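In: starting from these lines, generate the structure:
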Amino acid sequence: MDTDGSPPAHTAAKDRERPVEPAHPEVVDRPKSLGAKSFDPKSFDRRRRARNWALLAVLLGLAALFYAITLVKLSKGG
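Out: The predicted structure follows:
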């Protein structure tokens with residue numbers, strides 16, 4: 001709020017101060033001198049798919065572990 005209690009005036013200059021975010025990550029073109037990696041959609045999808053398969057393996061392993069623990073407990077009667 002301003003000193004007189006009114007809300008601050010909206011100006012176009014304030015809008016220009018904010019950086020514009022690109023709609024798609026593929027559009028981002030960062031200079032190599034800053035050490036930024038360029039975006040490669042194919043390698044991104046490949047890494048995501050690998051993480052998904054790893055997560056599936058972990059979840060299936062946990063399900064098998066819980067199943068085995070349940071069978072052992074039931075076979076011992078309790």
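
In: what's the longest helix in this protein?
Out: In the chain, taking DSSP state H as the definition, the longest helix is helix 41-75.

In: tell me what that helix is packed against?
Out: Using 3 or more C-beta pairs under 8 Å, 6 or more residues apart in numbering; DSSP states H and E, no helix or strand is in contact with helix 41-75. In this view, the C-beta of every residue, glycine as well, is placed from N, C-alpha and C.

In: give the buried residues for stretch 59-73.
Out: By neighbour count with 16 or more other C-beta atoms under 10 Å, stretch 59-73 contains no buried residues.

In: can you list contacts of that stretch?
Out: Applying C-beta atoms under 8 Å, 6 or more residues apart in numbering, stretch 59-73 turns out to have no external contacts.

In: one step back: what's the mean pLDDT across the longest helix of the chain?
Out: For helix 41-75, mean pLDDT rounds to 96.

In: so what's Arg46 up against?
Out: By C-beta under 8 Å, 6+ apart, Arg46 has no neighbours at all.

In: and it, how far from Val58?
Out: Remark: distance between Arg46 and Val58 (C-beta to C-beta, to the nearest Å) = 19 Å.

In: tell me the secondary structure for Pro7?
Out: Classification of Pro7 using DSSP: H, G, I helix; E, B strand; the rest coil returns coil.

In: any idea how many residues pack against it?
Out: 7 (other C-beta atoms under 10 Å).

In: do Thr3 as well
Out: 5.

In: Phe39 too?
Out: By other C-beta under 10 Å, the burial measure for Phe39, its neighbour count, is 14.

In: got the phi/psi numbers for it?
Out: phi -90, psi 130 (degrees, to the nearest 10).

In: what's the spacing between Arg47 and Ile69?
Out: In terms of C-beta to C-beta, Arg47 sits 33 Å off from Ile69.

In: same check, this time on Arg46
Out: Distance from Arg46 to Ile69, by C-beta to C-beta: 35 Å.

In: kind regards, and thank you for your time.
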